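Enquirer: Can you look at this prediction? I've put the sequence above it.
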Amino acid sequence: MKIMATTMTQTELDAFYEKLAEFTEHGTEAQTREYIEYHFPRLPEKVRHEVVFNALSDAVNEAVQGEDALIQTLEEGLTAGEELLKLKKQVLKEEKSENS
């Protein structure tokens, strides 16, 4: 038999937010995540939706930052490759003029 968790009272919710603020300010991300996951079933539905939205928003932001970093690395690689091609052409041109 599955026991349904009761929704937090306003007093419990206030205490939850206070402790969450402490974890956010002084704890690790893992501690904060574990705290939220533990209390998630008892959070009011509106708060659960906010938690899920924030988690998805964070995941999207991390993905975008990762893509931005990858794009920057690729652009730098292309620029370096172009510079190497210019140097190669210059060296070949100099070798050709020396051999003429």
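Expert: Received it, and whenever you're ready, just let me know what you need. All of these numbers come straight from a predicted model, not from anything done at the bench.

Enquirer: Can you pull the phi/psi pair for the residue positioned nearest the centre of the chain?
Expert: Central residue of the chain (C-alpha atoms, centre = their mean): Glu62, 2.4 Å from the mean position. Dihedral pair for Glu62: phi -60, psi -40, per degrees, to the nearest 10.

Enquirer: For Asp68, see how far away it is.
Expert: In this view, Glu62 and Asp68 are 11 Å apart by C-beta to C-beta, to the nearest Å. Placement of C-beta: from N, CA and C, glycine included.

Enquirer: and if you look at Thr7?
Expert: In terms of C-beta to C-beta, Thr7 sits 40 Å off from Asp68.

Enquirer: Who has more neighbours out of the two?
Expert: It is Thr7, of Thr7 and Asp68, that has more neighbours when counted by other C-beta atoms under 10 Å, with 14 against 10.

Enquirer: Quick check: that one touching Pro41?
Expert: No: with contacts counted by C-beta atoms under 8 Å, Thr7 stays clear of Pro41, the gap being 9.2 Å.

Enquirer: Helix or strand with the lowest mean pLDDT in this protein?
Expert: Taking mean pLDDT, DSSP states H and E as the measure, the chain has helix 45-99 as its least confident helix or strand, at a mean of 89.

Enquirer: Can you get me the centre-to-centre distance for it and its chain?
Expert: Relative to its parent chain, helix 45-99 has a centroid offset of 17 Å by C-alpha atoms, centre = their mean, to the nearest Å.

Enquirer: Now do that helix: which elements does it pack against?
Expert: Helix 45-99 sits against no helix or strand, with contacts defined as 3 or more C-beta pairs under 8 Å, 6 or more residues apart in numbering; DSSP states H and E.

Enquirer: Thr32 is in what secondary structure piece?
Expert: Using DSSP states H and E, Thr32 maps to helix 29-39.
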